[in-house]
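Q: Turn this into a structure:
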Amino acid sequence: MGRLSSTFDLSSKLKAPDMRLNITPFVDIGMIAIFFGVFSSGFVFSPGLPINLPVSSEFSMGGMEVSSVLTVQRDNMYLFEGRLRDANSLPQSLAEFVQKSDKLSPVLLIKVNRDVSVQTFFDICEMAKKAGFTSVQLATERPESNPETSLLQ
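A: The predicted structure is shown next:
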């Protein structure tokens, strides 16, 4: 075989292999990964309402396991189990959740906007108790560090 290539001078016509790395397939894979990461994320499609939580420096129940979360944006507007509820349908939804729950002592975490009345919060606690929740937690935000507030503590 060496004789034929030397006879026709084929070795001079051969090109050296290209040793550069083509990054186009890597860019394509990266874009596809970003696309699926963004659009399959639960964060993008999760139902929710932006709320302003009450501020508290006390966090005594930080490690308690929660069965479900109830978000209250304003009086008579509730988000429970991914669906909007009103004051009439909320007690039934809470009771159905407790019946379907496999927990012996279900705990309800309530995220309440600062603008919601205290009476509404107490009404929700009463609904939760009647539905069978054994405990209710109230979500709060830590206060921002402010020199004026730290002097008061």
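Q: my guess is residue 68 meets residue 97, correct?
A: Yes. At 5.8 Å, residue 68 counts as touching residue 97 under the criterion of CB atoms under 8 Å. For glycine as for every other residue, the C-beta is placed from the backbone atoms N, C-alpha and C.
Q: Mutual contacts of those two, please.
A: 80, 81, 106 (CB atoms under 8 Å, 6 or more residues apart in numbering).
Q: Just the buried residues from these, in ChimeraX please.
A: The ChimeraX command for the buried members of the shared contacts of residue 68 and residue 97 (criterion: 16 or more other CB atoms under 10 Å) is given here:
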select :80,106
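Q: Nearest to residue 19 among the shared contacts of residue 68 and residue 97?
A: Minimum distance to residue 19 across the shared contacts of residue 68 and residue 97 is 57.9 Å, recorded for residue 81 (CB to CB).
Q: And the helices in this structure?
A: 2-8, 24-39, 42-45, 90-100, 118-131, 147-152 (DSSP state H).
Q: list the contacts for residue 130?
A: Per CB under 8 Å, 6+ apart, neighbours of residue 130: 91, 95.
Q: pLDDT score for residue 26?
A: pLDDT, residue 26: 93.
Q: any idea how far it is from residue 33?
A: Note on residue 26: its distance to residue 33, by CB to CB, to the nearest Å, is 10 Å.
Q: for residue 117, same thing?
A: 47 Å.
Q: sorry, back to before: reformat the helices of the chain into a markdown table and put distance to residue 72 next to each item.
A: Below are those laid out as a markdown table (distance: least, CB to CB, whole Å):
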| stretch | distance to residue 72 |
| --- | --- |
| helix 2-8 | 83 |
| helix 24-39 | 29 |
| helix 42-45 | 21 |
| helix 90-100 | 10 |
| helix 118-131 | 7 |
| helix 147-152 | 26 |
